[in-house]
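> predicted model follows, preceded by the sequence.
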Amino acid sequence: MTQFFNAKDAVVTEAVDGFLRSAGGRLARLDGYPHIKVVVRTDWDRSKVAIVSGGGSGHEPAHAGFVGQGMLTAAVCGDVFASPSVDAVLAAILNVTGKAGCLLIVKNYTGDRLNFGLAAERARAFGLTVNMVIVDDDVALPDLPRARGVAGTLFVHKIAGALAEAGEDLETVTAAARRVIASVVSIGMSLDTCTIPGSPKEDRIKSGYAELGLGIHGEAGVEQVVFTSARQAIAQVVERLAPHVKPGPQVALLNNLGGATHLEMSVLAEELARSSIADQVKWIVGPAAMMTSLDMQGFSLSLMPLTKEAERCLMAPVAPWAWPGVNPFGDFAVLPLPDGLTPIQPMPSAHAGRRNLIARCCNILIAAEADLNALDARTGDGDTGSTLATAARSLVKALDRLPLADLTQLYRAIGMELSQTMGGSSGVLLAIFFTAAGDASASGRDWIEALGAGLERVRQVGGAEPGDRTMIDALVPALEALPQGLGAAARAAREGADFTGTIRRAKAGRASYISEDRLRGINDPGAEAVALLFEKLSAGADLAQPAE
Ligand code: ADP
Ligand code: MG
C-alpha cells in the first residue's frame, strides 16, 4: 500500500464522509451507500434551476467540492474513474429538482453519457424538466468526432451555477452552458502516471519525457514528448491550444492534475505570463487543483473567450471552497526595499595577505561543496555545502569592495556580506560570528580574541554548546589552539569534528530530529567544514599571522 487508504472498496464512501465532516453542515449526502453516493446542498429549497454534475471519483475536489451556493446543487460520485449508476444520478435529480427544472452537466465519456442520459429520461417520466449538456473541451485528439470532457467543465459549472443562483430559467441556463462548451478548449500534460487505488502504478512515462494530451482517467496521453522545463511545457501546451483560440481576450484555468506541487504550479503560471498567448489572457482561475486525476504530476490549461456574461458569472461569489476564484492575470507591484537594508559600504582598501587568505578559505569551501552536501544529506537537508559554497563565491566576488586594510571593518563587512548572501542556519550563524568579531575588534581585542568573541556570540544566539553536535565542536578547540599556529588549530578542529561523529544525540540544528542510529559515525557537516578549512589552510600555509 502506497497511499493513505483502507480497503479499496471503501475509498470513495470514506472520502465522501470525511469531506462532509468538514463542510460545516452546508452539505449532506443521500442515504444509499455503497451504490448511491450523492452530495447535496442542505440550504436548497428547489425554487431555482438545479445544477447536477458528477462522474467517476478520483477527480477531487471535483465534483463534490463544487457543491454549494452559486455552483452545483448536487454531485453524483461514482467509484474511482467509473461512472455512477443510473439510479445514483436519478436519486440526485429527484432530490434537488423542483418546478424550475434541472440541468445535468456531463463530461463526454460513454459511461457518463449513458448513465446520466438514461437517468434524465427516467426523471422526465416523473414529470420533471431535465436538460443535459455534454462537455467536450479536450483538444488533444483532433480527429475525434466528440472530444473528452476535462477541466474546462469547471467553467460550465461556474457559469451555469451563477445564472441558476441568480434565478434565470432552465432554457437560459442551458443556452449559456452550451455557449461555454462551444468555446472552451483544454489540454493536459503530465510527467508521471497516476496511482489507482489497489492497482500497481503503471510505469509508462520514462524519466525525461512528458505525456501531452491526456484525459483525467489515467489513460495514456496522445503523445510522449521530451521534457526539458516548465517553460517548454507551457509552450507545447499553448501551441496545441492556439489553433482553437480565436483572437480576443481569454480567461485561463490552470488546473493541477493532482500531484504537482504548489511551487510547480506557480512556476507554470509565471511561464504562462511569458508565453505567446500571454497578451490574450486577461483573467485566470487558479492555479489550483480543481479537476484532478488522482495523484498525477501534471497540469492542464483551459482557455475560454472572455465575454461580459462569463466575466459576471465567473466573478459571482460562491460557497464552495474549492473554487479558487477568478483574478486579473498580469502585472503586480514590486515595492522598493525599505531603508536600512542597503547599509553604507565601507571604503575598500588593500591588504595582500588578507585578500589571499580570504580567497583561499573561499576556494576550500567551494571545493568541499559536494562532500559537505553529502554529509548534510545524511543528517539534515543536504545543503550545508551549497550554502557555504554560495557564500564563498559571493565573498570572492566582493573582494574588491572589502575594507581589507582595516580588520575591524573587514570582520563587519564579511558579516554583512554573509547575511546578504547566505541562507540556512550555517549562514546566519557565520554572519553573527563575523559581526560580533568586528565589534570585539573595535574594542581593542586582537584578531584571535575577536574571533573568540564571535564564537561566544554564536553560542549565545544559537544556543548550542560544545557536545551538541554542531560546528561549535570544531570551532571551539580550533580557536583555542590557534595561538599555537594553524597546524595546531587544524589538528584540534579535526579532533573536534571527528568527535561529532561519535555524538549519538544532536541537541541543535536539524540533526536533532534524527534518530541516534542514523547519526552514528557521521560527522556534523558544519564541524566538518571547519575542520576541512583549517586542515587545507595549514597544509599549504605560511599564514599563521595573516591578519597582522
Ligand atoms: P540548515 O539546517 O538550515 O539547512 P545548514 O545546512 O546551512 O543549515 O547548516 C547546518 C550546520 O549548522 C550544522 O551542521 C551545524 O554545524 C550548524 N548548526 C546548526 N544549528 C546550530 C546552532 N544552534 N549553533 C551552532 N551551529 C549550528
Ligand atoms: Mg542543511
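Great, that's in hand. Ligands and ions are numbered 1, 2, ... in the order given.
> which stretches of the stretch 301-450 of the chain have low pLDDT?
Across the stretch 301-450 of the chain, residues meeting the criterion (pLDDT under 70) sit at 341-344.
> interface residues of the stretch 301-450 of the chain facing ligand 2?
Contact residues of the stretch 301-450 of the chain with respect to ligand 2, defined by CB under 5 Å from the ion, are listed as 376, 380-381, 383-384. Just so you know, the C-beta spots here come from the backbone N, C-alpha and C atoms, and that holds for glycine as well.
> which of the residues you listed are close to ligand 1?
Among those, the residues lying close to ligand 1 (CB under 6 Å from any ligand atom) are 376, 380-381, 383-384.
> closest to ligand 1 out of those?
Thr384 (3.5 Å; CB to the nearest ligand atom).
> buried subset of the ones next to ligand 1 among the residues of the stretch 301-450 of the chain next to ligand 2?
Neighbour-count burial (16 or more other CB atoms under 10 Å) applied to those gives 376, 380, 383-384.
> so which of these belong to strands?
For these, not one is inside strands, with DSSP state E as the criterion.
> among the residues of the stretch 301-450 of the chain next to ligand 2, which two are most distant?
Asp381 and Thr384 (8.6 Å; CB to CB).
> and whichever residue of the chain sits closest to ligand 1, how close does it get to Val428?
Using CB to the nearest ligand atom, the single residue of the chain nearest to ligand 1 is Gly526, 2.0 Å away. With distances defined as CB to CB, to the nearest Å, the gap from Gly526 to Val428 amounts to 12 Å.
> check contacts around Ile431.
Residue 431: Ala, not Ile. 415-416, 418-419, 422 (CB atoms under 8 Å, 6 or more residues apart in numbering).
> are any of these buried, and which?
Buried members of the contacts of Ala431, scored by 16+ other CB under 10 Å, are 415-416, 418-419, 422.
> quick one, what contacts the residue nearest to Glu311 when sequence neighbours are not counted?
Nearest residue to Glu311, sequence neighbours excluded (CB to CB, 6 or more residues apart in numbering): Trp283, at 7.3 Å. With contacts defined as CB under 8 Å, 6+ apart, the neighbours of Trp283 are 250-252, 306, 311, 314, 326-329.
> is Trp283 part of a helix or strand, or is it coil?
Three-state secondary structure (criterion: DSSP: H, G, I helix; E, B strand; the rest coil) places Trp283 in strand.
> quick one: pLDDT of it?
As summarised for this prediction, Trp283 has a pLDDT of 97.
> ok, Ala322 - contacts?
Residues in contact with Ala322 (CB under 8 Å, 6+ apart) are 61-62, 65-66, 288, 290.
> swap in 6 Å and give it another go.
With contacts defined as CB atoms under 6 Å, 6 or more residues apart in numbering, Ala322 is in contact with 61, 65-66.
> which of those residues has the largest number of neighbours?
The residue in the contacts of Ala322 with the most neighbours, by other CB atoms under 10 Å, is Phe66 (27 neighbours).
> who touches the helix-or-strand element of the chain with minimal mean pLDDT?
Taking mean pLDDT, DSSP states H and E as the measure, the helix or strand of the chain with the lowest value is helix 516-519, at a mean of 72. With CB under 6 Å, 6+ apart as the contact definition, helix 516-519 has outside contacts at 379, 504.
> next one: it to chain centre, how far?
Chain-centre distance of helix 516-519: 30 Å, with CA atoms, centre = their mean, to the nearest Å.
> now whatever helix or strand comes next after that helix - C-alpha only, CSV.
Using DSSP states H and E, the helix or strand that follows helix 516-519 towards the C-terminus is helix 525-539. Presented in CSV, the C-alpha positions along helix 525-539 are these (Å, rounded to 0.1, in the frame of the first residue of the first chain):
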residue,chain,number,x,y,z
PRO,A,525,28.7,18.9,8.3
GLY,A,526,29.3,22.3,9.9
ALA,A,527,32.0,20.9,12.1
GLU,A,528,33.5,19.0,9.1
ALA,A,529,33.6,22.3,7.1
VAL,A,530,35.6,24.0,9.9
ALA,A,531,38.0,21.1,10.1
LEU,A,532,38.5,20.9,6.3
LEU,A,533,39.1,24.7,6.3
PHE,A,534,41.8,24.6,8.9
GLU,A,535,43.4,21.5,7.5
LYS,A,536,43.6,22.8,3.9
LEU,A,537,44.8,26.2,5.1
SER,A,538,47.6,24.7,7.2
ALA,A,539,48.6,22.2,4.6
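> in helix 525-539, what counts as buried?
Counting neighbours by 16+ other CB under 10 Å, one finds that the buried residues in helix 525-539 are 525-538.
> now render the contacts of Ala322 as TSV, adding secondary structure.
Formatted as TSV, the entries for the contacts of Ala322 read as follows, by three-state DSSP:
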residue	secondary structure
Pro61	coil
Gly65	helix
Phe66	helix
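> which among those gets closest to ligand 2?
Of all the contacts of Ala322, ligand 2 sits closest to Pro61, with 35.1 Å by CB to the ion.
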